[in-house]
Structure formats: C-alpha cells, structure tokens
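**Student:** with the sequence up front, the predicted model follows.
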Amino acid sequence: MAIAKAIIGGKDSSRATAKGKPRHFLDIKDFDTASLRRMLDWGKSYKAGGAPAGAKPLAGKTIALIFEKPSTRTRVSFEVAMRQMGGDVVILGQAESQLGRGETIADTARVLSRYVDAIMLRTVSEKHLMEMAEHASVPVINGLTDHGHPCQLMADLMTLEERKGPLAGKIVAWLGDGNNVAESWIHAAARFGFTLRLACPASCKPPESALAWARKEKADLQLGEDALAAARGADCLVTDTWLSMSSGNAPDLDREARLAALAPYRIDERVMAAAKPDAIFMHCLPANRDREVAAAVIDGPQSAVWDEAENRVHAQKGILHWCLAQG
C-alpha cells in the first residue's frame, strides 16, 4: 500500500514539489537569493566530498540531456555529475530525436516525462525551453538558451566565491558582447549583491529587457563602452567568445563588423593590470586566444578558467540536488 501511494500515474511523486509541480531550474532570476544559496552550498558540499542526502542521492533516477546545440562542458559535466550522484543519463542530439523531424516540443516533453526523472535542454531558443517546461511533469533544467546560461553562472559564482570570498560587494567587469552569459551575470548581480560593470560596444549591448529587469530589481549595474574604466579596480574580469549562438542580440551585424566593434574589448595584460592586483579572469569557454582574451591572460596566474570549468560539475550537483533530491 505504501508503495502504491508513492507512485502516481507511473511516476515517482518525489519528482515534484508538495503541490505537484516539478522543480524547474530555468533562470537565476526565477529564484530568491536563499534558494540559490542553498544550491551553491550543496554544490560546495559535494565538491568537498560530502553528499547532503547520502552517498548516492539520485540512485534510480534518470535525466535526459537534449542538445539542439553542440556541447562539450555542458554534456560532460551533467553526465559526470548525475552518475557520481548515483543516477543515469540518456543523451539525445537533435538528429537522434523526433524533435529534429518535426515532433512538437510539447509532445516530446509529455513523452519524456513518462520515461525520465528530469530533462536538461540546451536549445537555440528560450521559447523552446519555456514550452518544454510548460508541458513536462518532471523538472526541466536550462542548459543554455539565447537569453541565459544559468548553470554556467552557478559555476562562475562558486568559482568567484572560492577565489575572492563572499560575493556581496565584489566588483565584476564584463567586457565584450552583451550575450546570453552576460544576461545571466545581470541576474546574478541582482540576487547576490555585487556590482556588475558591463563594457560593450553600442551595437552589442545586452537586450533592453534584461537591463529593465535589473533596474526594477535595483541591481548595482553599470553600463558603458570603456573597457579600461570597467576593469579599473575590479575583483574579476569576465568575457566570452564574440561569435556565439547568442549573437542574435545584434542581428544586423555581420561577422567582420562584429569582430571590429568588439576588438577594443579584448582582455589583455594592460586591461588586466587595471583591475585589482589579485583580480581573477574568467571565461566560460571555448576561448579564442588573442581574440577576446590574450593568451598571456587566460594561461596566466590570474586565470581561474580551469577551476571555473571544473565547477560546472559541482554546481550542477547542487542544481540536481534541488530539482530531484529536495533535501
């Protein structure tokens, strides 16, 4: 009888909240600071060798990883995290699922919800993510959209905290394209109380919707076009590739025009020297050395990119714990 009560419609009821709604992880701005803090702390605990809900808290659970866009770090880090927590993984590329043959996202969400305990979607469109979450009855995790990369940001925040201490009051400078990762940094600044300076060319600024949200949330956000001014006295300098899936924030620019507009925002030794002496450099990778960042910076002593990449595994354990273990 106890087992029968725990199973509803063929699904383990632990996949959802007490109200029956799945615990999606779609965007940092969807959460209050306390909830994000718990996820980060769970991730730190797993990294330190502990398991808040036991050695294998996700034993018997399976996540489907769906990729509309190619991936190295997202795919490997999710698979490693899930398996180390005792769970299993099913990986679907666009050519390996019916999504690539015209099946609706809604139908895919309904079917996969009968098979797996969670869905991670890395997609070309935020609309696809929202449709998946609307129709799935299991947690959906945002593995990247054109308007956000929240799993990456959780790893970035973990790295910044490890290297520089508490997040509140820190100064982070984003130099370059105001892309999807920049949008997630905007959300994080509002939730964790650090200053975010965005130095972007006029043609590559973050979308107005993200800036308006930041103003409404009273985030300490500074937007300008001077890379050195943004870097001056910062605790952390961050950039990303200049030609990415989110380049649609400035669709009128062709490749050469985009590169020319962004050239003054390259993080080199001169820009790094403008930051605090103990400042760190971060980049979510893949990086183009000597385009958006000088090789001497990304391979230098202030670079935190390898810790940042490793922390994708640990931060995602915290997210998976919140979505599935619910401790």
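**Tutor:** Okay, I see it.

**Student:** going by C-alpha atoms from here, please, whenever you check contacts or count neighbours.
**Tutor:** Fine.

**Student:** quick one, strands of this structure?
**Tutor:** Taking DSSP state E to define them, one finds strands in the chain at 7-8, 11-12, 62-67, 88-93, 118-122, 140-144, 171-175, 195-199, 221-224, 236-239, 280-283.

**Student:** could the ones you listed be laid out in a markdown table, adding mean pLDDT and mean neighbour count?
**Tutor:** Below are those laid out as a markdown table (pLDDT from 0 to 100; neighbours: other C-alpha atoms under 10 Å):
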| stretch | mean pLDDT | mean neighbour count |
| --- | --- | --- |
| strand 7-8 | 24 | 11 |
| strand 11-12 | 38 | 16 |
| strand 62-67 | 97 | 22 |
| strand 88-93 | 94 | 16 |
| strand 118-122 | 97 | 26 |
| strand 140-144 | 98 | 27 |
| strand 171-175 | 98 | 28 |
| strand 195-199 | 98 | 25 |
| strand 221-224 | 98 | 15 |
| strand 236-239 | 98 | 25 |
| strand 280-283 | 98 | 25 |
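
**Student:** wait, which of those strands is closest to residue 210?
**Tutor:** strand 221-224 (11.0 Å; C-alpha to C-alpha).

**Student:** partner strands of the closest one and their direction?
**Tutor:** strand 195-199 (parallel) (DSSP bridges).

**Student:** could I have the strand it pairs with exported to CSV, CA atoms only?
**Tutor:** In CSV, the C-alpha atoms belonging to strand 195-199 read as follows (Å, rounded to 0.1, in the frame of the first residue of the first chain):
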residue,chain,number,x,y,z
THR,A,195,28.5,45.4,-8.6
LEU,A,196,28.4,44.4,-12.3
ARG,A,197,30.1,46.7,-14.8
LEU,A,198,29.2,46.0,-18.4
ALA,A,199,31.5,47.4,-21.1
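
**Student:** got the angle for it vs strand 171-175?
**Tutor:** 20 degrees (axes from the mean of the first three to the mean of the last three C-alpha atoms, to 10 degrees).

**Student:** and strand 195-199, how far from the chain's centre?
**Tutor:** In terms of C-alpha atoms, centre = their mean, to the nearest Å, the centre of strand 195-199 is found 18 Å from the chain centre.

**Student:** contact partners of that strand?
**Tutor:** 169-176, 178, 185-186, 189, 219-227, 230, 265 (C-alpha atoms under 8 Å, 6 or more residues apart in numbering).
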